[in-house]
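[1] would you be able to build a 3D model of this:
(one chain, ligands or ions: 2)
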Amino acid sequence: MIRIFLAFFVLLSNVIFSQNKLNLIPYPQNVAFNDGVFMIPDVLKLSNDLPQNETEYFKKRMTSGLKFQSSKRADAQLVYSQLPKAPAGKEESYILTVSPKQIHIQSYTQQGYFLALQTLIQLFEEYKGAQKIPALKIEDQPKFAWRGMHLDVCRHFFTVDEVKQYIDYLAMYKLNTFHWHLTDDQGWRIEIKKYPKLTQIGSKRKESMIGAYVDNTFDGKPYGPYFYTQEQIREVIQYAQDRHITIVPEIEMPGHALAALSAYPELACTKGPFEAATKWGVFDDVFCPKDETFTFLENVLDEVIRLFPSQYIHIGGDECPKTRWKECAHCQELIRKNNLKDEHGLQSYFIQRIEKYVNSKGRKIIGWDEILEGGLAPNAAVMSWTGVNGGIEAAKSKHFAVMTPGAYCYFDHYQGDPQSEPNAFGGFTPLDKVYSYNPVPAELNAEQAKYILGVQANLWTEYILDFKQVQYMIFPRLMALSEVGWGTSDPKNYKEFENRVINQFKVLDKMKVNYAKSIYNISGKVVPSGSGIAYELSTSQNSDGIRYTLDGTVPTIDSKTYQNPVTIPGSLTIKSAYFEDGQLKSAVSTQQFIVSKSTGKSISLEQQPSENYSFGGAFTLVDGIIGNVKQLGKTWLGFQGKDVVATIDLGQKTGFSEVYFNTLENKGSWIHLAKSAQIFVSDDNKNFKMIKEIGKEEISNAKGKIRLNVGSQNARYFKIKIENAGIIPAGNPGADSKAWLFVDEIGIN
Ligand code: ACM
Ligand code: ZN
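    Residues are numbered from 1 along each chain as shown. Ligands and ions are numbered 1, 2, ... in the order given. Below you'll find the predicted structure:
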């Protein structure tokens, strides 16, 4: 019943859509339709007084076969009028009027004209088949002044041409800020004339981590030297300026400094030597706040400021461990001398000193959340990434903030079910999640909300090896960001937005952009069914297009059509895919089931898992799915400092002789193996008898993959207690904190 209703709704919304909504992204603030149409000619007459650079860009971007001819204004079909001086906040606004005779653009600035042209390009693309554009008037302007995308070129490097393509993508969807992450532990990527070793030494690393972080595997191949010369930087800045995009360069400090320290070890607290990092993460060796370091950073910033015309210079500030500062005589003396509270105060001292310098050059600093530590520098803007609290704190204290919370804006996260996606950092940020984001936190009043400059998405490239993968990770999510930043997103009508996204795929196809098709992908959910389980498949598209197999073969259009949740009678693998017009549209989704006598049975937990690792609740432990170590957010339950105490009702007296479960170990992430496990049986769910107990050593010997022979049992209730490792012992990451215990499945045979 629900499915029929949904299909009807999609049909209905398509009809409304074709009548009322244009296929534009970001959707404009105001669209009014008028009578008549503008017939698209073979040769479009351009008024000879159009702004030149932007018009040249327009001509190059038009891929619809249209030709152009210059003509005097009176005869032209595209004309432009510059409006008098822009009122504050209106710099990017424009009016685009399509009438039967001509197309007229009005704006205060050439940037407004450029944005109007983006709209016009999308209109031509949409209506070229019909050869006519309906008469209309679009009055448009963005809600947020900062609509940004970030690119990390340190973990992996991207060429000048690739960076230019990236900038083109921003321009197409009316973003206006490119945050160029130029320095980090794994590589220094900007030529600094005064410090040649930064690129001679710091732009190389011995090898790189490959695969999932937990694999701890390296490729053994030297990486680099990779960097941009100042001439190349100038070329990219010009390219961005031609597209009305501001580049904000980032020079990381005081942390994420290993590549710089590999070249200039004297800037650290300890002697070194240091090497550019080969693995991902956060490292203890950071800049030491000595005069020599400040002189170095000021000289670096001088060159950066000379190159980049942006109002803001990003100085990083994130993830700076205080380990070295705590043990450094100079750092401790500085804390005493300046009456600083502690090392967090020293972080604040560091940032404030840099801010003063940057301000003295007529520029402002922006930094990640952690620049709030120990007190915010007087004029600094905050880039809120760990969540929204940094942005809220900044706005409440009258500092500007750019919102880029990980859960919504980190495009290195998965955008579909990880098992159908290429290896990614982790997390789950699908298109609809990005689209649902509102950059203005509800906690702010109208006055405070004015300090929310805008929104940005970040692309960290630890797991992004080439530019095809960059394209994959940003598309189509960049379109959602674009509409969020423009201020016309409407999460209630996500489906309508998704239709416009699918329409844009035609443009990306033509440009040979490798976008993600994850929105077509199939989501699977295990549901209880009778005394076992069934697998429910869905896609955001019409689910009639789902085909599946149970014999391990790849589904084709002729495979079984999905109708109802598929009963899983025993251990098997289900493969599914989405087809449209006979064509495979999605990735093939594969799910293996290991069915035991506890699968699908009623289960209760004495203590609930931690919120971020609670996946499908207690049922996750009897859903027939063995956890993948690369997907902690899925199929595993995580318990911080808590034991797993699970009781399973088998429904009737059931014979069994084996019990199995898996627990994980990843000490770097505070995940420890269980300390012990005890197994009990009962017939009345009150009086339990212990039938087996194992200790730390057995669990450790089995590397967490526990298979226990429990003798011949016959019982209705079965209880297992898996003991958390407790407080993490000294000498381990996270010492003195509560350990995590992860469990995926509890089976019996
Ligand atoms: C960050 O993701 N470390 C800003
Ligand atoms: Zn120091």
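[2] list the helices and strands whichever helix or strand residue 115 is part of packs on?
    If you go by DSSP states H and E, residue 115 is part of helix 110-127. Where contact means 3 or more Cβ pairs under 8 Å, 6 or more residues apart in numbering; DSSP states H and E, helix 110-127 is packed against helix 52-61, strand 78-82, strand 94-98, strand 103-107, strand 132-140, helix 160-172, helix 494-510. C-beta: built from backbone N, CA, C; applies to glycine.
[3] report all helices and strands that the fifth one contacts.
    Yep, that's strand 132-140 we're talking about. strand 30-39, strand 94-98, helix 110-127.
[4] again, but for the last one
    Identification of packing neighbours for helix 494-510 by 3+ Cβ pairs under 8 Å, 6+ apart yields helix 2-20, helix 110-127, helix 431-435, helix 477-486.
[5] okay, the helices and strands packed on helix 110-127 in CSV with mean pLDDT, distance to ligand 2 and mean neighbour count next?
    Output for those, formatted as CSV (pLDDT from 0 to 100; distance: least, Cβ to the ion, whole Å; neighbours: other Cβ atoms under 10 Å):
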stretch, mean pLDDT, distance to ligand 2, mean neighbour count
helix 52-61, 95, 49, 16
strand 78-82, 98, 55, 18
strand 94-98, 98, 52, 22
strand 103-107, 98, 52, 22
strand 132-140, 97, 52, 18
helix 160-172, 98, 35, 19
helix 494-510, 95, 49, 17
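[6] just put these in TSV and tack on distance to ligand 1.
    Formatted as TSV, the helices and strands packed on helix 110-127 follow (distance: least, Cβ to the nearest ligand atom, whole Å):
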stretch	distance to ligand 1
helix 52-61	32
strand 78-82	40
strand 94-98	33
strand 103-107	35
strand 132-140	32
helix 160-172	18
helix 494-510	26
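[7] ok, residue 372 - contacts?
    By Cβ atoms under 8 Å, 6 or more residues apart in numbering, residue 372 lies in contact with 382, 390, 393-394.
[8] no no, residue 444
    Residues counted as contacts of residue 444 (Cβ under 8 Å, 6+ apart) are 392, 395-396, 451-452.
[9] look up phi and psi at the residue in the stretch 151-300 of the chain positioned nearest to ligand 1.
    Closest to ligand 1 within the stretch 151-300 of the chain is residue 256: 7.8 Å, counting by Cβ to the nearest ligand atom. Main-chain torsions, residue 256, degrees, to the nearest 10: phi 50, psi 50.
[10] that one: neighbour count?
    Using other Cβ atoms under 10 Å, residue 256 has 27 other residues around it.
[11] what does residue 558 give?
    Residue 558: 8 neighbours (other Cβ under 10 Å).
[12] likewise for the one 4 residues further on?
    Applying the criterion other Cβ under 10 Å, we find 22 residues in the vicinity of residue 562.
[13] correct me, but it touches residue 542?
    No - taking contacts as Cβ atoms under 8 Å, residue 562 lies outside contact range of residue 542: 11.0 Å.
[14] so residue 285, which of the three states?
    Judged by DSSP: H, G, I helix; E, B strand; the rest coil, the three-state class of residue 285 is coil.
[15] so what's it up against?
    Applying Cβ under 8 Å, 6+ apart, we find residue 285 in contact with 257-258, 261, 268-270, 272, 274, 324.
[16] and it, how far from residue 83?
    Separation of residue 285 from residue 83 (Cβ to Cβ, to the nearest Å): 54 Å.
[17] over to residue 464?
    Taken as Cβ to Cβ, the span from residue 464 to residue 83 is 42 Å.
[18] which of the two has more neighbours?
    Set residue 464 next to residue 83 and count neighbours by other Cβ under 10 Å: residue 464 wins out with 26 against 15.
[19] wait, doesn't the more buried one sit right on residue 470?
    Yes - in this structure, residue 464 is within contact of residue 470 by Cβ under 8 Å, at 5.8 Å.
[20] okay, the closest residue to residue 90 other than its chain neighbours: pLDDT?
    Leaving out its chain neighbours, the residue that sits closest to residue 90 by Cβ to Cβ, 6 or more residues apart in numbering is residue 108, at 5.9 Å. Per-residue confidence (pLDDT) for residue 108: 98.
[21] contact partners for residue 108?
    Neighbours of residue 108 in contact, by Cβ under 8 Å, 6+ apart: 82-86, 90-91, 93.
[22] change it to 6 Å
    Applying Cβ atoms under 6 Å, 6 or more residues apart in numbering, we find residue 108 in contact with 83, 86, 90.
[23] OK, now which residue of the stretch 351-500 of the chain is nearest to ligand 2?
    The stretch 351-500 of the chain approaches ligand 2 most closely through residue 353 (14.2 Å), counting by Cβ to the ion.
[24] tell me the SS of residue 573?
    With three-state DSSP as the basis, residue 573 sits in strand.
[25] gap between it and residue 235?
    Distance, residue 573 to residue 235, by Cβ to Cβ: 52 Å.
[26] thinking again about what came up before, wait, the residue of the stretch 151-300 of the chain closest to ligand 1 touches residue 186, no?
    No - checked against Cβ atoms under 6 Å, the pair residue 256 and residue 186 is beyond contact range at 9.0 Å.
[27] quick one: residue 694 and residue 675 touch, right?
    No - look at residue 694 against residue 675 with Cβ under 6 Å: they stay out of range, at 10.2 Å.
[28] and residue 332, how close does it get to residue 322?
    Per Cβ to Cβ, residue 332 is found 11 Å from residue 322.
[29] if we can go back for a sec, quick one: which of the contacts of residue 285 is most hemmed in?
    Neighbour counts for the contacts of residue 285 (other Cβ under 10 Å) peak at residue 257, which has 29 neighbours.
[30] what residues does that one make contact with?
    286-287.
[31] now the phi/psi pair for it, please.
    Per degrees, to the nearest 10, the backbone of residue 257 is at phi -120, psi 10.
[32] coming back round to it: A helix includes the residue of the stretch 351-500 of the chain closest to ligand 2, no?
    Yes - counting by three-state DSSP, residue 353 is part of a helix.
[33] find the residue closest to it in space, skipping its chain neighbours.
    Residue 353's closest residue in space is residue 294 (Cβ to Cβ, 6+ apart), at 6.2 Å.
[34] same check, this time on residue 749
    That would be residue 658: by Cβ to Cβ, 6+ apart, it lies 4.5 Å from residue 749.
[35] which residues does that neighbour form a beta bridge with?
    residue 709 (DSSP bridges).
[36] and it, how close does it get to residue 683?
    Note on residue 658: its distance to residue 683, by Cβ to Cβ, is 20 Å.
[37] count of residues packed around residue 547?
    Counted with other Cβ under 10 Å, residue 547 comes out at 23.
[38] wait, it touches residue 555, no?
    Yes - under the criterion of Cβ under 6 Å, residue 547 makes contact with residue 555 at 4.3 Å.
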